[in-house]
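Engineer: kindly generate the corresponding structure for this input.
(chains A and B)
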Amino acid sequence: MTATATGPAAGLPRWAVIGLLPVLNLLTAFAVSGLVVLLIGEDPWRVVRILVWGAFGFEEAIGYTLFYATNFIFTGLAVAVAFHCGLFNIGGEGQAYVGGLGVALVCLHLDFLPFALIVPAAMAGAALFGAAWAFVPAFLQAYRGSHVVITTIMFNFIAAALMVYLLVNVMSEPGSVQPETRPFAAHARLPFVHEILAAAGIRVAASPLNLSFVWALLCCAFVWLFIWHTRAGYRLRTVGFSPPAARYGGISPPRQVLIAMLVSGALAGCMSLNELMGVQHRLLLEFSAGYGFAGIAVALMGRGHPVGILLASLLFGALYQGGAELSFEIPRITRDMVVVIQGLVILFAGALEYLFVPALRLALTRRHGA
Amino acid sequence: MESLTLLVLVLDSTLRLSAPLILAALAGLFSERAGIIDIGLEGKMLGAAFAAAATAALTGSPWAGLAAGIAASVLLALVHGYACITHRGNQVVSGVALNILVSGLSAVLGVAWFAEGGRTPQLPGEARFLPLEWPGADALRDVPGLGALYGELLSGHNLIVYIAFLAVPAAAFVLYRTRFGLRLRAAGENPESADTAGIAVSGLRYRALLCTGVACGLAGTYLSLAQSAGFIRDMSAGKGFIALAALIFGKWKPVPAMFACLLFGFLEAVAIRLQGAEVPGVGEVPVQFVQALPYVLTVVLLAGFIGRAIPPRALGVPYVKER
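Structural biologist: Predicted structure coming up:
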């Protein structure tokens, strides 16, 4: 990520570290996924063809791909912002879940507001509740020295218990046994993209893609501005690089930890806008399941940069949508195949990031020598 | 008498529910005291549960199942080691990756191999670890007090429960009374000095992860071959993380960690009992509160309000030999 590669990748040119290494890691993850498909006794190439066709082959599929990508953008950005401050927020899962509570409270109880006001209110609700759920782990990391990884894991489980309690005992529709709230009012929903385009005279196939995709793109821009073009972002990255250096420079690391985690939680919380206000139109159990963790894969693959995260989100969105088609075409391969690929991507792009460094160094220096 | 029977019943299920937690917490203990963060206890348990159930379903032998469970868990531990020790990768990332990978892989393979929606076939009794009746338990059953204590609490658990509780003193002995244990702790506290004393830190950490793999394999096998009669998808259901919480709650020490596991197991047993029941004076206690309690307690402990949990000093820091 730095101008001249340092750390374990020292001695490699920057283009190799930014461009070549992630591609190699990704290809390895895909290759191992292919082995899993072989193990099941199916043809990997057929699986790839179905995945690509299922994700991009028709208009509706593209809508779905972008819809899933929206979730990944939010949770990926959330993980990335914390990363830049040297923090590992694995609590995206819980923060998105509780963010949904914020959205639901606004959409259910403030629905006397007109559409133009309820949308920003819901956005604020999602961000505030998500940030609030990140606050305690952030505070404990910053001022009490307890590790944010452990506390955010604990908070994921606490969030799960809390939401089950609220949905079963407090917020469920009176007289209903379903653990979900009543549907949001018609004006407390985000318009679908196909509706907006239809109003403009463009006809596209119906899909759950909604206005929150635009908000996700804006968030990418905001994160880019915030991290690289504001003083606050500079302070945050300084702490990420070296807390002692930051302290020497007059920056208080605990404060930056708090800020990074709050922004991270707010971004994760916004994921619930897409799912709840965009598609489900009610608060329900486990709507955030898996997206928070997938955000880690997205952020790692995107190397913490909004452009990379956007690309990685598109890839994962395509995998999700393609995976759904895959389980239709080959019932023996369930959608969980996508979870396998995700795990392998995190393994090879994250933990084994430098697997190919020795080989690359050898290959590149030999060519230079010749 | 009524309340005594209830107490015995709750304590009895406490033992059964804490056994996998204890094994997983001890697994985490070996890894973390050697300096390797292990978020992946959950994944190793799930992988072992699947491998054990699949093997037991095919061979009909619980022992083959146990061997497969341990092998799967050890393999995952070694992958973790390859990423974290050999390639000095991020230990948290590696753990998360393995958790997600196993969660997906067990479902994919389960559906493809057994075609029962991710379950493995229901196992018959002889392919499982069944409760062991102690001699005389039946005869003593009607003796008040002793009958409940001996017949219900001590007798009538399966083999892995007894292994779990015996593993605690064994782990404590290995950790505090053997050369391997001393070196292991050194690798987790101050690997530089361990290295200076001529100990190969990497090799030691790999061996610690082997212990982790074996213990987690037992824990996972327990889930699918003893507690249930087969594998259900995502059946570890956060137990690996509760065990991690217990390990921290027990301040990375074997005996306190066991007590933390017993506490969390007790809470789980109470939560099952409380389902919909009225508590006198309090009214209906929401089960979710009891379920969330282990996590809340751990956070409170980590916050330093009830004692302080200090992790091994070199935890999470990859060791670079040549400087």
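Engineer: now look at the top helix by length along chain B and say if it contacts chain A.
Structural biologist: Counting residues, the longest helix found in chain B (DSSP state H) is helix B:2-33. No. Shown here: helix B:2-33 not in contact with chain A (CB under 8 Å from any CB of the partner chain), separated by at least 11.1 Å. For the C-beta atoms, the positions are set from N, CA and C on the backbone; glycine is no exception.
Engineer: I'd like the next helix or strand past that helix.
Structural biologist: helix B:41-59 (DSSP states H and E).
Engineer: which strands and helices sit next to that next one?
Structural biologist: If contacts are counted by 3 or more CB pairs under 8 Å, 6 or more residues apart in numbering or on different chains; DSSP states H and E, helix B:41-59 sits against helix B:2-33, helix B:62-81, helix B:91-114, helix B:201-221, helix B:239-249.
Engineer: for those helices, which one ends up most surrounded?
Structural biologist: helix B:239-249 (a mean of 28; mean count of other CB atoms under 10 Å in any protein chain shown).
Engineer: can you give the contact residues for the helix or strand just after that one?
Structural biologist: The helix or strand immediately downstream of helix B:239-249 is helix B:254-274, counting by DSSP H and E. Contacts of helix B:254-274 with the rest of the structure, by CB atoms under 8 Å, 6 or more residues apart in numbering or on different chains, involve B:6, B:9-11, B:13-19, B:21-22, B:25-26, B:29, B:165, B:168-169, B:171-172, B:175, B:242-243, B:245-247, B:249-251, B:285, B:287, B:290-291, B:293-294.
Engineer: where does the stretch 151-300 of chain B have low pLDDT?
Structural biologist: B:276-283 (pLDDT under 70).
Engineer: show the contacting residues for the most centrally placed residue in chain A.
Structural biologist: By CA atoms, centre = their mean, chain A has its centre lying nearest to A:Thr75, at 2.4 Å. When contacts are counted by CB under 8 Å, 6+ apart, A:Thr75 touches A:92, A:96, A:267-268, A:271, A:291-292, A:294-295, A:298.
Engineer: which SSE is it in?
Structural biologist: helix A:59-84.
Engineer: what comes up buried for that helix?
Structural biologist: Going by neighbour count (16 or more other CB atoms under 10 Å in any protein chain shown), the buried part of helix A:59-84 is A:60-84.
Engineer: picking up where we left off before, could you tell me the angle between the longest helix of chain B and helix B:62-81?
Structural biologist: 40 degrees (axes from the mean of the first three to the mean of the last three CA atoms, to 10 degrees).
Engineer: quick one: list the elements packing against helix B:2-33.
Structural biologist: helix B:41-59, helix B:159-177, helix B:179-189, helix B:201-221, helix B:239-249, helix B:254-274.
Engineer: and of those helices, who's closest to A:Tyr354?
Structural biologist: helix B:201-221 (15.9 Å; CB to CB).
Engineer: okay, the angle between the closest one and helix B:179-189?
Structural biologist: Helix B:201-221 and helix B:179-189 meet at an angle of 100 degrees, taking the same axes, to 10 degrees as the criterion.
Engineer: count of neighbours near B:Arg177?
Structural biologist: Applying other CB atoms under 10 Å in any protein chain shown, we find 10 residues neighbouring B:Arg177.
Engineer: what separation do you get for it and chain A?
Structural biologist: 29 Å (CB to the nearest CB, to the nearest Å).
Engineer: what's near enough to touch A:Ala121?
Structural biologist: A:106, A:110, A:113.
Engineer: make a PyMOL selection of the buried ones in the residues you listed.
Structural biologist: Of those, the buried ones can be selected in PyMOL as follows, counting by 16+ other CB under 10 Å:
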select buried, chain A and resi 106+113
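Engineer: in helices, which of the contacts of A:Ala121 fall?
Structural biologist: Checking the contacts of A:Ala121 against DSSP H, those in helices are A:Val106.
Engineer: what's the next secondary structure element after the helix or strand harbouring A:Cys219?
Structural biologist: Counting by DSSP H and E, the element that carries A:Cys219 is helix A:212-229. Sequence order places helix A:231-241 as the next helix or strand after helix A:212-229, per DSSP H and E.
Engineer: can I get the CA coordinates of that following helix in CSV?
Structural biologist: Extracted in CSV, the C-alpha atoms of helix A:231-241 (Å, rounded to 0.1, in the frame of the first residue of the first chain):
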residue,chain,number,x,y,z
ARG,A,231,-7.0,16.1,8.5
ALA,A,232,-9.1,13.7,10.5
GLY,A,233,-8.3,10.9,8.0
TYR,A,234,-4.6,11.7,8.1
ARG,A,235,-4.7,11.5,11.9
LEU,A,236,-6.5,8.2,11.7
ARG,A,237,-4.0,6.7,9.3
THR,A,238,-1.1,8.0,11.4
VAL,A,239,-2.4,6.1,14.4
GLY,A,240,-2.8,3.1,12.1
PHE,A,241,0.8,3.3,11.0
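Engineer: just checking, what packs against whatever helix or strand comes next after it?
Structural biologist: Proceeding N to C from helix A:231-241, the next assigned helix or strand is helix A:243-248, under DSSP H and E. Here helix A:243-248 touches helix A:231-241, helix A:253-272, going by 3+ CB pairs under 8 Å, 6+ apart.
Engineer: what about the shortest one, near chain B?
Structural biologist: Spelled out, that is helix A:231-241. No. Applying CB under 8 Å from any CB, one finds helix A:231-241 out of contact with chain B, separated by at least 13.8 Å.
Engineer: angle of that helix against helix A:59-84?
Structural biologist: 70 degrees.
Engineer: tell me what angle helix A:231-241 forms with helix A:212-229.
Structural biologist: 70 degrees.
Engineer: and helix A:231-241, what does it pack against?
Structural biologist: helix A:59-84, helix A:212-229, helix A:243-248, helix A:253-272.
Engineer: dump those to JSON lines, plus mean pLDDT.
Structural biologist: Output for these, formatted as JSON lines (pLDDT from 0 to 100):
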{"stretch": "helix A:59-84", "mean pLDDT": "95"}
{"stretch": "helix A:212-229", "mean pLDDT": "96"}
{"stretch": "helix A:243-248", "mean pLDDT": "92"}
{"stretch": "helix A:253-272", "mean pLDDT": "96"}
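Engineer: as JSON lines, those with distance to A:Val357 would be great.
Structural biologist: Formatted as JSON lines, these follow (distance: least, CB to CB, whole Å):
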{"stretch": "helix A:59-84", "distance to A:Val357": "20"}
{"stretch": "helix A:212-229", "distance to A:Val357": "26"}
{"stretch": "helix A:243-248", "distance to A:Val357": "26"}
{"stretch": "helix A:253-272", "distance to A:Val357": "28"}
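Engineer: quick one, what contacts residue 42?
Structural biologist: Since no chain was named, I'll use chain A. By CB under 8 Å, 6+ apart, A:Glu42 lies in contact with A:330, A:332-333.
Engineer: looking at chain B here, not the other one
Structural biologist: B:99, B:236, B:238-241.
Engineer: check those residues and tell me the two furthest apart.
Structural biologist: Taking CB to CB as the measure, the contacts of B:Glu42 span a maximum distance of 12.2 Å, between B:Asn99 and B:Lys239.
Engineer: so what's the residue count around A:Gly175?
Structural biologist: The number of residues near A:Gly175, taken as other CB under 10 Å, comes to 5.
Engineer: need the three-state assignment for it.
Structural biologist: What DSSP: H, G, I helix; E, B strand; the rest coil gives for A:Gly175 is coil.
Engineer: is stretch A:351-358 in proximity to chain B?
Structural biologist: Yes. Shown here: stretch A:351-358 in contact with chain B (CB under 8 Å from any CB) through A:351-355.
Engineer: can you pick the most crowded of those residues?
Structural biologist: Using other CB under 10 Å as the neighbour test, the residues of stretch A:351-358 next to chain B are led by A:Ala351, with 27 neighbours.
Engineer: contact partners for that one?
Structural biologist: B:83-84, B:87, B:89-91, B:93-94, B:97.
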